[in-house]
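J.: fold the following.
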Amino acid sequence: MDISKDIIGKKIKRIRLEKGISQEKLAEQIDISTRQMCMIENGNSYPSLETFINISEVLDIDINKFFNKNIGLNDDLRNKIYDLIQISDKKELKIIKDILMSLHKNR
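T.: Predicted coordinates for the structure are as follows:
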């Protein structure tokens, strides 16, 4: 499976913020430096397997769901978008990618 450091870091950060845990507190709880935690969240470093397991325990992340790229069965909007993407040509896919990149940059 090819999942980028950036995607992993953003997911971890989003979940951490949703749980109301500071980056410093999470780093302390999993026994890594705040700098290392920052590097993981910013997509500059992959967490080691041990670190990722510790993160998943502290944040109560189901590792299988974390890496699951499948669209949820109950998410109609995502399913409709996924279906449209499947029938899009290369030019349309580039436009979709550019739109999504723009949206994510403006968060």
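
J.: so how far is the helix or strand bottoming out on mean pLDDT in the chain off the chain centroid?
T.: Within the chain, judged by mean pLDDT, DSSP states H and E, the helix or strand with the poorest mean is helix 63-67; its value is a mean of 75. Offset of helix 63-67 from its chain centre (C-alpha atoms, centre = their mean, to the nearest Å): 10 Å.

J.: any buried residues in whichever helix or strand comes after that helix, and which?
T.: Next in sequence after helix 63-67, counting helices and strands by DSSP states H and E, comes helix 76-86. Within helix 76-86, no residue qualifies as buried by neighbour count (16 or more other C-beta atoms under 10 Å). Backbone N, C-alpha and C define where each C-beta goes, glycine included.

J.: and the next helix or strand past helix 76-86?
T.: Assigned by DSSP H and E, the successor of helix 76-86 is helix 90-105.

J.: quick one: contacts of that following helix?
T.: By C-beta atoms under 8 Å, 6 or more residues apart in numbering, the residues outside helix 90-105 that reach it are I85, S88.

J.: and that helix with helix 76-86, angle?
T.: For helix 90-105 against helix 76-86, the angle by axes from the mean of the first three to the mean of the last three C-alpha atoms, to 10 degrees is 140 degrees.

J.: flag the shaky bits of this protein, pLDDT-wise.
T.: The chain contains residues with pLDDT under 70 at 1-3, 68-75, 107.
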